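> Model the structure of this input:
(one chain, ligands or ions: 1)
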Amino acid sequence: MKILFLDQSGKPGGAELCLIDIAKPYRDRCLVGLFIDGPFRHFLEQQHIPVQILGTQSLQVRKSSSLLEGLGSVRQLVPMIAQVAKTAREYNLIYANTQKALVVGALASFISRRPLVYHLHDILSVDHFSQTNRRLAVTLANRFASLVIANSKASQAAFIEAGGHPDITEVVYNGFEPELYDTPESNNPSLLRQELGLEEQFVVGNFSRLSPWKGQHVLIEALTHCPSDVTAIFIGDALFGEQDYVKQLHERVKALGLEERVQFLGFRSNIAQLMAVCDLVAHTSTRPEPFGRVIVEAMLCGRPIVATQSGGAIELVEPGINGFLIPPDAPQELAQVIINCRDQPQHTATIAHHARNTASQRFHLININQQITQLLCQVVETNKKVLVR
Ligand code: UDP
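Residues are numbered from 1 along each chain as shown. Have a look, this model is predicted:
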């Protein structure tokens, strides 16, 4: 089976990292078409996955755009749709990995008569998207997609609530290679702890792009309710222009006198090593998280995880069994979990150990990729029959 993957982003967000894992087994018979160049291309090339840049500038389907603006930008897309439709004839399937990829992929699928699969990595709710974009995504998926792969039950439910056809959806969680999170370096974090000046600290790590809804501010506020040996490290950068928020975070740290207890380390690729220096990983999204890759990654690293009780996180974390849950935007509750983990290391380690064992089975990339391949084969087979008729 030959697959044409489409993704709008040049940056390595969660959806893009997930795409790398799905495309890897198809590297000798797939192409990833990106709408803009950027570091994501290098990530794909490192994995020997063929990649082509389809556009020269980012497409303008914004969160806030009205229907007319949305259609206006679709008109700008015509050359790209023509290019994708032409390329798609060499492939059995178009796999749209993002919303803007769905717009292009849907029309290209219609022209090229290749089936379309949409991997939904978003919660299509008012919290996250304008009504225009929700309507556009659902209408295109209903009309053109043979299959919508939702990355959690929460994403599936929001799609259906927004008018999506339930019978075209399947839930498939992100897959991970547990071996990548259990390396000699990640099992011996003392050197890195020393380099970061964290030897005597209780370290809480936040691994996420810096964005208001990812809630980094919640962890900063929580520190004010914690003993002074509790330190936070933030791994991640503003990927989508959230520079004002980054400035606010730095100002808040200064205003609260937390400069010695907070470090911003920027975007890093050695997630497993950095998680290993953490005594706790805090996932602080203030809006429902579609899946929350970081939650599973913390589990695979054997680090205790506290996450916000909404969206996909609820499907991943069983409180007190494999992690902890707190309400959204609740610094005091977060501080209480941090203090409990700090004061009860044995109990916390037992929970983290259990989480590592169960997550390495439940989210193993081999199983997840098998599920995806089966689904894609069904789509291609069904499409062949339709074309023959
Ligand atoms: N990540 C990374 N380097 C960083 C920060 C984050 O590689 O500096 C990775 C993180 O390990 C996770 C992904 O980015 O795999 C983020 O996925 P998630 O589902 O948590 O959030 P999204 O970015 O999709 O909203």
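
> and the residue of the stretch 251-389 of the chain found nearest the ligand, what is it in contact with?
Scanning the stretch 251-389 of the chain for proximity to the ligand using Cβ to the nearest ligand atom identifies Arg293 as nearest, at 3.5 Å. Where C-beta positions appear, they are placed from N, C-alpha and C, glycine not excepted. Counting by Cβ atoms under 8 Å, 6 or more residues apart in numbering, Arg293 makes contact with 14, 17-18, 174, 176.

> Out of those residues, which is nearest to the ligand?
Gly14 (2.0 Å).

> Now do the contacts for that closest one.
The neighbourhood of Gly14, defined by Cβ under 8 Å, 6+ apart, consists of 121, 174, 291, 293.

> on that earlier part again, and the pLDDT at the residue of the stretch 251-389 of the chain closest to the ligand?
Listed pLDDT for Arg293 reads 98.

> Flag the shaky bits of the chain, pLDDT-wise.
Low-confidence segments of the chain (pLDDT under 70): 55-76, 387-389.

> Which of the contacts of Gly14 fall in helices?
Among the contacts of Gly14, the members falling in helices are Arg293 (criterion: DSSP state H).

> can you pull out the helices in the stretch 201-350 of the chain?
Ranges of helices within the stretch 201-350 of the chain are 216-223, 243-255, 271-276, 293-300, 313-316, 331-343, 345-362, based on DSSP state H, counting those that start in this stretch.

> just these: most buried one?
Here the criterion is mean neighbour count by mean count of other Cβ atoms under 10 Å, and of the helices of the stretch 201-350 of the chain the winner is helix 293-300, at a mean of 27.

> tell me the angle that one makes with helix 345-362.
In this structure, helix 293-300 runs at an angle of 110 degrees to helix 345-362, with axes from the mean of the first three to the mean of the last three Cα atoms, to 10 degrees as the basis.

> mind saving the C-alpha coords of helix 293-300 as PDB?
In PDB, the C-alpha atoms belonging to helix 293-300 read as follows (Å, rounded to 0.1, in the frame of the first residue of the first chain):
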ATOM      1  CA  ARG A 293       1.500  12.400  24.400                       C
ATOM      2  CA  VAL A 294       3.600  13.700  27.300                       C
ATOM      3  CA  ILE A 295       1.400  11.800  29.800                       C
ATOM      4  CA  VAL A 296       2.300   8.500  28.100                       C
ATOM      5  CA  GLU A 297       5.900   9.500  27.700                       C
ATOM      6  CA  ALA A 298       6.200  10.200  31.400                       C
ATOM      7  CA  MET A 299       4.700   6.800  32.200                       C
ATOM      8  CA  LEU A 300       7.200   5.100  29.900                       C
END
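
> on that earlier part again, and the ligand, which of the contacts of Arg293 contact it?
Of the entries in the contacts of Arg293, those that also sit close to the ligand under the rule Cβ under 6 Å from any ligand atom are 14, 17.

> Adding secondary structure, write the contacts of Arg293 out as TSV.
Formatted as TSV, the entries for these read as follows, by DSSP: H, G, I helix; E, B strand; the rest coil:
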residue	secondary structure
Gly14	helix
Leu17	helix
Cys18	helix
Asn174	coil
Phe176	strand
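
> Which member of the contacts of Arg293 is positioned nearest Thr382?
Cys18 (24.3 Å; Cβ to Cβ).

> Quick check, that closest one in contact with Ser152.
No - Cys18 sits out of contact with Ser152 when judged by Cβ atoms under 8 Å, with a separation of 11.8 Å.

> Show me which residues of this protein are close to the ligand?
The chain comes close to the ligand at residues 13-15, 17, 207-209, 235-236, 267-269, 271, 291-294, 297, as judged by Cβ under 6 Å from any ligand atom.

> Separate out the buried members of these.
Restricting the residues of the chain next to the ligand to buried positions leaves 13-15, 17, 207-209, 235-236, 271, 291-294, 297, with burial counted as 16 or more other Cβ atoms under 10 Å.

> For Asn174, give its distance to Gly311.
Taken as Cβ to Cβ, to the nearest Å, the spacing of Asn174 relative to Gly311 amounts to 14 Å.

> Pick the one among the contacts of Arg293 closest to Val126.
Within the set of these, Gly14 lies nearest Val126; the separation is 21.0 Å, counting by Cβ to Cβ.

> gap between that closest one and Pro327?
23 Å.

> quick one, which of Cys18 and Ser152 is more surrounded?
For Cys18 versus Ser152, neighbours defined as other Cβ atoms under 10 Å are more numerous around Ser152 (26 against 22).

> got the contact list for the more buried one?
With contacts defined as Cβ under 8 Å, 6+ apart, Ser152 is in contact with 171, 173, 290-291, 311-312, 315.

> Could you do Val317 as well?
For Val317, counting by Cβ under 8 Å, 6+ apart, the contacting residues are 295, 305, 307, 323-325.

> Highest neighbour count among these?
Greatest neighbour count in the contacts of Val317, by other Cβ under 10 Å, goes to Ile305: 30 neighbours.

> still on that earlier bit, of all the helices of the stretch 201-350 of the chain, which one comes closest to Thr284?
When those are ranked by distance to Thr284, counting by Cβ to Cβ, first place goes to helix 216-223 at 4.4 Å.

> re the thing from before, the contacts of Gly14 into CSV, with extra columns for distance to Pro184?
Formatted as CSV, the entries for the contacts of Gly14 read as follows, by distance: Cβ to Cβ, whole Å:
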residue, distance to Pro184
His121, 32
Asn174, 25
Phe291, 29
Arg293, 23
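
> okay, among the contacts of Gly14, which ones form the most distant pair?
Across those, no pair lies farther apart than His121 and Arg293, at 9.9 Å, counting by Cβ to Cβ.

> anything in contact with each of those two?
When contacts are counted by Cβ under 8 Å, 6+ apart, His121 and Arg293 have 14, 18 as shared neighbours.

> my guess is Ala272 meets Pro184, correct?
No - under the criterion of Cβ under 8 Å, Ala272 makes no contact with Pro184, lying 10.8 Å away.

> List the residues that contact Leu210.
When the contact criterion is Cβ under 8 Å, 6+ apart, the partners of Leu210 are 216, 234, 236-238, 242, 245-246, 249, 264.

> ugh, wrong one, Ala101
For Ala101, the contacting residues are 6-8, 35, taking Cβ under 8 Å, 6+ apart as the criterion.
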